[in-house]
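Novice: prediction below, plus the sequence it came from.
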Amino acid sequence: MKPATRVFSGIQPTGNLHLGNYLGAIRNWVAMQDAHESIFCVVDLHAITVAQDPAVLRRGIREMTAALLASGLDPARCILFPQSAVRVHAELAWVLMCTARVGWLNRMTQFKDKAGKDREGASVGLYTYPVLQAADILAYKATHVPVGDDQKQHLELARDIAAKFNNDHGVELFPLPEPVIEGPATRVMSLRDGTAKMSKSDPSDASRINLTDDADSIAQKIRRAKTDPEPLPSEIAGLAGRPEAANLVGLMAALTGRSAAQVLGDYGGQGFGQFKPALAEAMVAAIAPITARFNELRHDDVALDAVLAAGAERARAIAEPVLAEVHRAVGFRD
Ligand code: AQP
């Protein structure tokens, strides 16, 4: 029987998949693909909201596809495709831009963070990024969207857009998508700064663990990860005001399937000199099989392109009738 829920989520093909993407989102995608009809998208339209080298982007789309397959997405159990191959995303985004309000977009913190001081020089696409994200989700009438904590505000906007569209046009066309922000690592922080999120675009490679990093570089990055001089506390309350320590404990918990309290039960009172090698070992154990599969898949362009083309065809079959409904609702056709 077809499940009544439909999952949609996406990831930009810009740079390597990192531990934040994996623990915050991708691991949940893999877990959801059996219980739900699942649609996952390599969001190349979103990638060009900032400057991209075309050859690097082309490679990035294939490499991200390989990384997702290596992480456990299975094209027999989910739909995996590149956003630009399904024109509905861009077309629906236009309609939804006429639904979304300027005031709503002005409140989006990711735009403020990414545009930085040069807001006037940012692309219009970077500003309207969350509307395209809403179109991605609503084109499939997705009910659940598994994402990291940083996407919470964009998901609320997608719900507001869906509700206003339905209300403006007197239809029940779009379900209100539920964010699924779950697990012990919904916000993985930089290894260099416990107050900034781990990110592909951080210029310092030492700030993140890439899923392509080998055991030596993982051990080195963890050894050099910023910490404080105190030993680990025995209770969660002792992590207050210690963002780097809290991040490393959270990573250990997520990687070993324990709670942070259990991790502190095991390591409380120990210094980072003892904790860090154990953390690096847990990281290598989780990442090494993914890296090995990724290295097998990454150069087989023919196979990767075939997965994406087949996924795009299945995605179009769902999204095109939804766009037709939207066209009827706004009055483009009978
Ligand atoms: N640090 C993180 N902790 C938990 N989840 C995270 N995600 C990203 N960073 C973390 C989640 O990964 C999914 C895909 O991310 P994306 O590439 O579409 O979005 P992003 O926020 O642009 O990712 P990055 O790494 O931060 O890239 P840049 O640096 O280019 O902005 C999303 O579900 C996201 O929540």
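Specialist: In hand now; what should we look at?
Novice: close to the ligand: what parts of the stretch 101-250 of the chain are there?
Specialist: 147-148, 150-151, 186-188, 197-201 (CB under 6 Å from any ligand atom). In short, each C-beta sits where N, CA and C put it, glycine included.
Novice: ok, 8 Å please
Specialist: Counting by CB under 8 Å from any ligand atom, the stretch 101-250 of the chain comes close to the ligand at 110, 114, 146-151, 185-190, 197-202, 208.
Novice: which among those residues count as buried?
Specialist: 114, 146-148, 150-151, 185-190, 197-200, 202, 208 (16 or more other CB atoms under 10 Å).
Novice: and these, which of them are in strands?
Specialist: Among those, the members found in strands (DSSP state E) are Pro146.
Novice: Ala215 contacts Val284, correct?
Specialist: Yes. Because the distance of 4.6 Å satisfies CB atoms under 8 Å, Ala215 is recorded as touching Val284.
Novice: which one's more surrounded, those two?
Specialist: Val284 (19 against 15; other CB atoms under 10 Å).
Novice: now the stretch 101-250 of the chain against the ligand: closest residue?
Specialist: Gly148 (2.3 Å; CB to the nearest ligand atom).
Novice: and that residue, what does it touch?
Specialist: 20-21, 24-25, 181, 186-188 (CB atoms under 8 Å, 6 or more residues apart in numbering).
Novice: residue contacts, the spatially closest residue to Thr143 that is not a sequence neighbour?
Specialist: Sequence neighbours aside, Thr5 is the residue nearest to Thr143 in space, at 4.8 Å (criterion: CB to CB, 6 or more residues apart in numbering). Shown here is Thr5, whose contacts under the criterion CB under 8 Å, 6+ apart are 35-37, 143-144.
Novice: out of those residues, what pair is the most spread apart?
Specialist: Distance extremes for the contacts of Thr5: the farthest pair is Ala35 and Thr143 at 12.2 Å, using CB to CB.
Novice: more neighbours, the two?
Specialist: Neighbours were counted for Ala35 and for Thr143 using other CB under 10 Å; Thr143 has more, 19 against 11.
Novice: quick check: that one vs Ile79, distance?
Specialist: Distance, Thr143 to Ile79, by CB to CB, to the nearest Å: 15 Å.
Novice: check which residues of the helix ranked longest in the chain are buried.
Specialist: Secondary structure assigned by DSSP state H gives helix 301-330 as the longest helix of the chain. Buried residues in helix 301-330, counted by 16+ other CB under 10 Å: 304, 307-308, 311-312, 314-316, 318-319, 322-323, 326, 329.
Novice: of these, which is the nearest to Glu91?
Specialist: Nearest to Glu91 among the buried residues of helix 301-330, with distances taken as CB to CB, is Leu323, at 6.1 Å.
Novice: contacts only, for the closest residue to that closest one other than its chain neighbours.
Specialist: Of all residues not flanking Leu323 in the chain, Val88 sits nearest, at 4.7 Å (CB to CB, 6+ apart). Val88 makes contact with 135, 139, 316, 319-320, 322-323, according to CB under 8 Å, 6+ apart.
Novice: and of the residues you listed, the nearest to Gly238?
Specialist: For the contacts of Val88, the nearest to Gly238 is Ala135 (44.8 Å; CB to CB).
Novice: would the closest one count as being in a helix?
Specialist: Yes. Using DSSP: H, G, I helix; E, B strand; the rest coil, the assignment for Ala135 is a helix.
Novice: residues touching it, list them.
Specialist: 88-90, 92-93, 95-96 are the contacts of Ala135 under CB under 8 Å, 6+ apart.
Novice: pLDDT score for it?
Specialist: For Ala135, the model assigns a pLDDT of 98.
Novice: one more: Lys2?
Specialist: pLDDT recorded at Lys2 is 48.
Novice: rewinding a little: from Leu173, how far off is the residue nearest to Leu323?
Specialist: On the measure of CB to CB, Val88 and Leu173 end up 14 Å apart.
Novice: okay, and the common contacts of these two?
Specialist: Val322.
Novice: was I right to think Glu182 contacts Asn28?
Specialist: Yes. With contact defined as CB under 8 Å, Glu182 reaches Asn28; the gap is 6.1 Å.
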